[in-house]
Structures are given as structure tokens and as C-alpha cells.
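# sequence-free structure coming up:
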């Protein structure tokens, strides 16, 4: 009787064993005695049976799937809230009868209804002397170019930490309390302007953040505001 240990070169490789088991998933059903003898290392240092290890793996996967499902549900609920608040914001803008009413309603709802926003401002670029008693904020294009020209250069929305001069122009007395901000150029009719929102948190509005929400609101402004500005801004 040959009791010599088999040559290491005669043993199948790990890849060959794995490939065999994948090709014959019922192998252990026909060889339960082998299955019962298999032992696997456990995190605790104790050896456990293959069956116990499979149960543990399935339990871990189940917990992971439950966590992912919970995150999906949380995101869905959050998106529902954002949708409802956005709808209420847009409806209130559509109901505005004067430019300053639209501006006030827009800024107030952005701050009160959206957790990410601590401050908001809407600024149009035009001739302030033509506004009369209107409370709508209008500054000359030259002044806008002087203070935030760099922000408007690309014609697209931006997010991040702004300079003190830029914050003062956009948010006035609140500038010292602002950590980060986002803004989007607007063009209602034949004039230009900018919508800006800000957070006290310096990390909230980052340069890598998208501006889809602001783009959406800006499109509404571009369509609603012109019909309210036929007086002062008519050519």
C-alpha cells in the first residue's frame, strides 16, 4: 500500500477546483460527507463549517441589500419633498403680479422651503432710475461687471466659495455669514441678471456640484418675469 504524500504538482490548482465547482454546483449534494468535513476560518479565529459560513455570508448580503433598499426609499422620499416644494415655488411665481412680488416670493420660499438655502437674491442688470418706486433690485450692467464679472464670464451656473466683494454685491449685509454660494445667470426678455443662493456652511456648495435645480428655476424666471416688466424695462 502506497502511503506516500501526493506530489504537489499532481494536485489541481485553486482555479481548477473553483472552475470544477462552478461547473458542477450539485457536487456537494452527492458528497455530503465531504461538505460536513470542510472547515473555514472565521473572523473570531474559530473554524466553522462551510454551511455556517454560507449562512453568515447570506446574512451579510441580506443586511447590505436592506441597507441599499432603505437608502433608495430615503432618496425617493427626499425627491418627493423636493418636487412638491419646487411645484409650490413655481406656482407662487406664476401668481405674482409685479416684478418685485415675484422676486420677494422667490427668495422667501427658497430660504424657507429648502434646507440647503440660508440666503437668496435676485438681481437684474439695467437702469435703476427707470424703476421708480419698485423694490426690485436693479443695478447697472457696468456695476455688475465690476463686482461679479468673473462669475458671469462663462454664462453658466457655478458653485463654491466666493470672494468677499462678490458676496457683498450679491447678498449685502448677510455677506459675512455666508460660507458657500451658487448662482445662475438669467435672461428674462431683453435684459440680464443673476439668481444667487447661499449657505452658512462653507462645504455645502462645492465647485463639483451641479446646478440643475438653479437651471430649472432660472428657466421659469426667464419666462415669467418679462410679462411683469413691460413698464420700466420696455424699450
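Received, thanks. Note that the coordinates shown come from a computational prediction; the quantities given were computed from them, not determined experimentally. Residues are numbered from 1 along each chain as shown.

# Now do the helices in this structure.
Counting by DSSP state H, residue ranges of the helices within the chain are 14-23, 27-30, 32-37, 50-94, 99-113, 141-152, 164-171, 212-224.

# Now do the last one, average pLDDT.
Per-residue pLDDT over helix 212-224 has a mean of 92.

# Name the surrounding residues that touch that helix.
In this structure, residues lying in contact with helix 212-224 by CB atoms under 8 Å, 6 or more residues apart in numbering are 82, 86, 89-90, 93-94, 96, 102, 106, 122, 157, 182-188, 195, 197. All C-beta atoms are positioned from the backbone trio N, CA, C, and that covers glycine.

# what about 10 Å?
Among residues not part of helix 212-224, those counted as contacts by CB atoms under 10 Å, 6 or more residues apart in numbering are 82, 86, 89-90, 93-96, 99, 102-103, 106, 110, 114, 116-117, 122, 124, 156-159, 182-189, 193-197, 211.

# and the closest residue to residue 157 other than its chain neighbours, how many neighbours does it have?
If the residues on either side of it in the chain are set aside, residue 157 comes closest to residue 211, at 3.1 Å by CB to CB, 6 or more residues apart in numbering. A total of 17 residues lie near residue 211 under the criterion other CB atoms under 10 Å.

# ditto for residue 221
Other residues near residue 221 number 21, with proximity taken as other CB under 10 Å.

# quick revisit: out of the helices of the chain, nearest to residue 203?
Comparing the helices of the chain by their distance to residue 203 (CB to CB), the top pick is helix 164-171, with 16.2 Å.

# which helices and strands sit right next to the closest one?
Counting contacts by 3 or more CB pairs under 10 Å, 6 or more residues apart in numbering; DSSP states H and E, helix 164-171 packs against strand 119-125, helix 141-152, strand 180-186, strand 192-199.

# What part of the chain, helix or strand, is modelled with the least confidence?
For the chain, scoring each helix and strand by mean pLDDT, DSSP states H and E identifies strand 47-49 as the least confident one, at a mean of 56.

# contacting residues around the closest residue to residue 188 other than its chain neighbours?
Nearest-residue entry for residue 188: residue 225, 3.7 Å, with adjacent residues in sequence omitted and distances by CB to CB, 6+ apart. Contacts here follow CB under 10 Å, 6+ apart; on that basis residue 225 touches 93, 96, 99, 102-103, 106, 122, 124, 136, 186-189, 191, 193, 233.
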